[in-house]
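Colleague: sequence and predicted structure, then a few things I'm wondering about:
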Amino acid sequence: MSNKVDLSTAILDTALPNQVVVNASLLNTLNIGQHEIALNPADMTKNALFEAGPVFVRGAKQTSGLFTCRVDESQQPGTACLSKEARANLRIRSGDTVKLYQPEDRQLVDAYLVSLAEVVETTRGLSGRVFEEVVAPYFDSIPASFVSKGGVYTIASGMLRIEVKVTGIRGALPGEKEGEEVD
């Protein structure tokens with residue numbers, strides 16, 4: 001009485017140490033932002049990640065993003081919690097799997113210029129200096145925020161809700177000319 005293994009799906013059944021399942025059921029009890037990921041301490045030590053440090057998360061359809069790690073004891077091992085906006089940027093839903101990686105040096109850039117584009121539907125009917133009064137204070141108030149090219153970020157200020165998309169990041173890495181485009 002041996003258990004037969006289906007070889008066509010055997011590779012899908014193996015769990016990798018850097019693979020976690022996204023769970024959004026605890027999102028209401030947690031206070032995580034759209035640039036943060038909440039992980040169990042066991043998963044953080046297994047993947048050599050640390051509190052408030054960067055983590056490179058790869059989602060579906062070749063999408064990826066940089067997030068800040070947060071420790072959450074209430075998470076089950078092998079699960080992670082992401083906000084609705086973060087899941088939309090990674091093109092995943094609750095219950096999907098993502099892979100966690102330590103970011104390489106070329107992925108961590110001291111950006112001196114981030115190009116943003118406002119989503120037109122969210123700024124319709126607004127006039128004035130939206131960037132100086134809403135967008136700039138939001139990005140200044142986030143400690144160690146990691147933005148990714150192509151990411152859409154929702155900014156809520158009072159009754160106002162604006163979405164901006166990162167269209168480009170310019171930074172200087174060691175050995176590069178200042179102002180080169182960073183992917």
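Modeller: Cool, the structure landed.
Colleague: wait, is Tyr138 part of a strand?
Modeller: No. Secondary structure of Tyr138 (DSSP: H, G, I helix; E, B strand; the rest coil): helix, not part of a strand.
Colleague: what residues sit buried inside the strand ranked longest in the chain?
Modeller: Secondary structure of the chain per DSSP state E: the longest strand is strand 160-171. Residues of strand 160-171 classed as buried: Ile162, Glu163, Val164, Val166, Ile169, Gly171 (neighbour count, 16 or more other CB atoms under 10 Å). Glycine gets a C-beta too; all of them are placed from N, C-alpha and C.
Colleague: equivalent analysis for stretch 57-73, please.
Modeller: By neighbour count on 16+ other CB under 10 Å, the buried set for stretch 57-73 is Val57, Gly59, Thr63, Ser64, Gly65, Leu66, Phe67, Thr68, Cys69, Arg70, Asp72.
Colleague: so for it, mean pLDDT?
Modeller: Stretch 57-73 carries an average pLDDT of 87.
Colleague: likewise for stretch 148-166?
Modeller: Stretch 148-166 shows a mean pLDDT of 81.
Colleague: that one: how far from the chain's middle?
Modeller: Remark: stretch 148-166 is offset 14 Å from the chain centroid, using CA atoms, centre = their mean, to the nearest Å.
Colleague: name the nearest residue to Val114, sequence neighbours excluded.
Modeller: Ile169 (5.4 Å; CB to CB, 6 or more residues apart in numbering).
Colleague: so what's that neighbour bridging to?
Modeller: Beta-bridge partners for Ile169, by DSSP bridges, are Val114, Val182.
Colleague: hang on, Val164 packs against Tyr153?
Modeller: Yes. The criterion here is CB atoms under 8 Å, and Val164 meets it with Tyr153 at 5.6 Å.
Colleague: helices of the protein, residue ranges please.
Modeller: 10-13, 41-46, 84-90, 120-123, 130, 136-141 (DSSP state H).
Colleague: can I assume the residue nearest to Val114 is in contact with Ser115?
Modeller: Yes. Counting by CB under 8 Å, Ile169 does reach Ser115; the two are 7.4 Å apart.
Colleague: re the thing from before, any residues in contact with both of Val164 and Tyr153?
Modeller: Residues touching both Val164 and Tyr153 (CB atoms under 8 Å, 6 or more residues apart in numbering): none.
Colleague: returning to that earlier point: just the buried residues of stretch 57-73 now: which is nearest Glu104?
Modeller: Leu66 (10.9 Å; CB to CB).
Colleague: so how far is Gly151 from the closest residue to Asp72 other than its chain neighbours?
Modeller: Distances taken as CB to CB, 6+ apart place Ala38 nearest to Asp72, at 4.0 Å, with adjacent residues excluded. Shown here: Ala38 relative to Gly151, a distance of 18 Å by CB to CB, to the nearest Å.
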